[in-house]
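A.B. asks: Any chance you can model this:
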Amino acid sequence: MLGQRRGTVDKGLLIRKIIEHLKGTLEAGMEAARATSAAATDPDSKAENKYDTRNLEASYLARGQAARVVETREALMEYETLVPREYGAGKAIGEGALVALRGGDGEFFCFLGPAAGGMEIEVEGSSVMVITAASPLGSRLWKRRAGERVELSAGRAASAVEIVAVT
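C.D. replies: Predicted coordinates:
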């Protein structure tokens, strides 16, 4: 479910909360990467026979954790350098837009960020879903304006949402 709308959201505060969240994710990821790397290189995890793949599995996991750390670090840098621009009446949606949408489930907020889509951030009593231009919803909203309707599909089901406001 996308973020529920309860009024307005300060975009600067939202970005600060995204950065906080990413810093926490990065710290946890770095700890997990250290732990999986230690497990992969531990002499006690040496294979006991040709069917014992613990060491190999641990090395794959360590590689995946390290890649996730790099991805999170890059996303954090993108948000730390993001300068949110204001979207006035009639401006087309682009990166950095905070979009209020109305659909069958009520009104909700989405923030079109440069990275780290899928996060849900609580700010000022509202829940905001972070999306990217590469996501299905982000690509549908890109270059649209307040007042337009956008068709969304999930499997065989289709629904429409109205763009209520873009800030």
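A.B. asks: Buried residues in the lengthiest helix in the chain, which are they?
C.D. replies: Secondary structure of the chain per DSSP state H: the longest helix is helix 11-41. For helix 11-41, the neighbour count (16 or more other C-beta atoms under 10 Å) marks 11, 14-15, 17-18, 21-22, 25-26, 29-30, 32-33, 36-37, 39-40 as buried. No exception for glycine: its C-beta is placed from N, CA and C like everyone else's.
A.B. asks: continuing past that helix, what's the next helix or strand?
C.D. replies: Downstream of helix 11-41, the next assigned helix or strand under DSSP states H and E is helix 54-80.
A.B. asks: Next, the angle from that following helix to helix 11-41.
C.D. replies: Calculated by axes from the mean of the first three to the mean of the last three C-alpha atoms, to 10 degrees, helix 54-80 forms an angle of 160 degrees with helix 11-41.
A.B. asks: who's in contact with the helix or strand that helix 54-80 is followed by?
C.D. replies: The helix or strand immediately downstream of helix 54-80 is strand 98-103, counting by DSSP H and E. Residues outside strand 98-103 that contact it (C-beta atoms under 8 Å, 6 or more residues apart in numbering) are 2, 5, 9, 11, 14, 87, 93, 107-112, 128, 141, 152, 159-167.
A.B. asks: Tell me what Val123 is bridged to.
C.D. replies: Per DSSP bridges, residues listed as beta-bridge partners of Val123: Ser126.
A.B. asks: Distance-wise, check the residue of the chain most remote from its centre relative to Met77.
C.D. replies: Centroid-distance maximum for the chain: Asn49 at 42.1 Å, with C-alpha atoms, centre = their mean. Using C-beta to C-beta, to the nearest Å, we find Asn49 at a distance of 45 Å from Met77.
A.B. asks: Over to His21?
C.D. replies: Remark: distance between His21 and Met77 (C-beta to C-beta) = 15 Å.
A.B. asks: and what of Glu86?
C.D. replies: Summarising the geometry, the distance separating Glu86 from Met77, computed by C-beta to C-beta, is 23 Å.
A.B. asks: and if you look at Val150?
C.D. replies: When C-beta to C-beta is the yardstick, Val150 and Met77 sit 30 Å from each other.
A.B. asks: now Leu56
C.D. replies: 32 Å.
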